[in-house]
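Novice: Can you look at this prediction? I've put the sequence above it.
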Amino acid sequence: MPERAMYVVMDDDGWLRFTSRWRAPKLDLDLIGGPVAALQRIRDQEKTYRWYNDTWCEAAALIDQPNKILFFFTRHCEDYAHRAAVLSTLGLTWPAWDVRWAYDGIADIRAYLGLEYSEAPTGHAFIEPSPAEGGMDQLVSVTREDGTTDAYGLELPVTEMLTCGPDCADLLPASAKVTACEWMPRSGVHIDHSAKTIGVWTIDSLSGLADAVAWPGWKVEMWADRYTEQLDRCGVTVPDWSLADGLRTLAARVRNGTDLHHSEPR
């Protein structure tokens, strides 16, 4: 199955789009060598005049050369530590550049270019929440009107959970309740019924979040990757992570296989 990536390169003359059907899992490796290597790799890809929507695009990068801004996201970071290592490394290999994460995926990239996100919103079919078993996608915590707070470890994306509206808390299975996480979640949402606020964090992208949380009278707080915001509110513990582990993961990925000058099928 294709693992599509999109790239936008901006210079003083405007901007160009490029695409690859296969390179989304390697975006971290394509970027960590610095702007010269990244631009060389991107320009080796296919030029395109179309946009992929959130369903089909798994990674994207925008390189604004005049303003020295790198704006990107990928859904292929192995875990929190790996992503932290990528961001830390980019801070060294892209000196004097402003490195940003596109938390709303392709919509953020298009907004940066001054374009409306004209694709139809990503469809969200209802998925019955189920307890996490092989790994936790999402930590959902709920503070109810009476002040009690419960947390749940689930296997579904943030946006799928929120499309059900404020009553989504009633759908959370008791068997998914947690007070400690065996795995580090990839994302989290805290629903506070008393304050009518929804707090969200992620290490991926939250494509379609605006459509999912159109709850009248509620406020959304975007916590970027600050998972501790949620932990402070729900009291759940998560495993420790270390930047050193993430750097080892990144180094292993570089060793294992990526010839940054090798052309791949598009």
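Specialist: Right, received. Where do you want to start? Residues are numbered from 1 along each chain as shown.
Novice: List the first helix or strand encountered after the helix or strand encompassing Val9 toward the C-terminus.
Specialist: Under the criterion of DSSP states H and E, Val9 resides in strand 4-11. For strand 4-11, the following helix or strand on the C-terminal side (DSSP H and E) is strand 14-20.
Novice: hmm, who's touching that next one?
Specialist: Taking contacts as CB atoms under 8 Å, 6 or more residues apart in numbering, the residues outside strand 14-20 that touch it are 4-9, 42-43, 45-52, 113, 264, 266. Just so you know, the C-beta spots here come from the backbone N, C-alpha and C atoms, and that holds for glycine as well.
Novice: could you redo the last one with a cut-off of 6 Å?
Specialist: Surrounding strand 14-20, the residues in contact under the criterion CB atoms under 6 Å, 6 or more residues apart in numbering are 5-9, 42, 45-48, 266.
Novice: That one pairs with which strands, and in what direction?
Specialist: Partner strands for strand 14-20, per DSSP bridges, with pairing direction: strand 4-11 (antiparallel), strand 46-47 (antiparallel).
Novice: from the chain's centre, how far out does stretch 5-14 sit?
Specialist: Once both centres are worked out by CA atoms, centre = their mean, to the nearest Å, stretch 5-14 turns out to sit 21 Å from its chain's centre.
Novice: ugh, wrong one, stretch 39-47
Specialist: What separates the centre of stretch 39-47 from the centre of its chain is 23 Å, taken as CA atoms, centre = their mean.
Novice: Which parts of the stretch 51-200 of the chain are strands?
Specialist: In the stretch 51-200 of the chain, strands defined by DSSP state E, counting those that start in this stretch lie at 57-64, 69-74, 98-101, 138-143, 149-154, 187-192, 197-202, listed in chain order.
Novice: Only the buried residues of the shortest one, if you could.
Specialist: When neighbours are counted by 16 or more other CB atoms under 10 Å, the buried residues of strand 98-101 are found to be 99-101.
Novice: okay, which residue is most central for the protein?
Specialist: Averaging the C-alpha coordinates of the chain gives a centre point, and the residue nearest to it by CA atoms, centre = their mean is Asp204 (1.6 Å).
Novice: Which of the helices or strands spans that one?
Specialist: Per DSSP H and E: Asp204 is located in neither a helix nor a strand.
Novice: quick one: it from Leu250, how far?
Specialist: Asp204 sits 17 Å away from Leu250 when distances are taken as CB to CB, to the nearest Å.
Novice: so who does Leu250 touch?
Specialist: With contacts taken as CB under 6 Å, 6+ apart, Leu250 has the following neighbours: Ala85.
Novice: what's near enough to touch Asp204?
Specialist: When the contact criterion is CB under 6 Å, 6+ apart, the partners of Asp204 are 75, 186.
Novice: Phi, psi for it please.
Specialist: Comment: the main-chain dihedrals of Asp204 come out as phi -110, psi -140, following degrees, to the nearest 10.
Novice: Please apply the same query to Val213.
Specialist: Given degrees, to the nearest 10, the pair of backbone angles that Val213 has is phi -110, psi 30.
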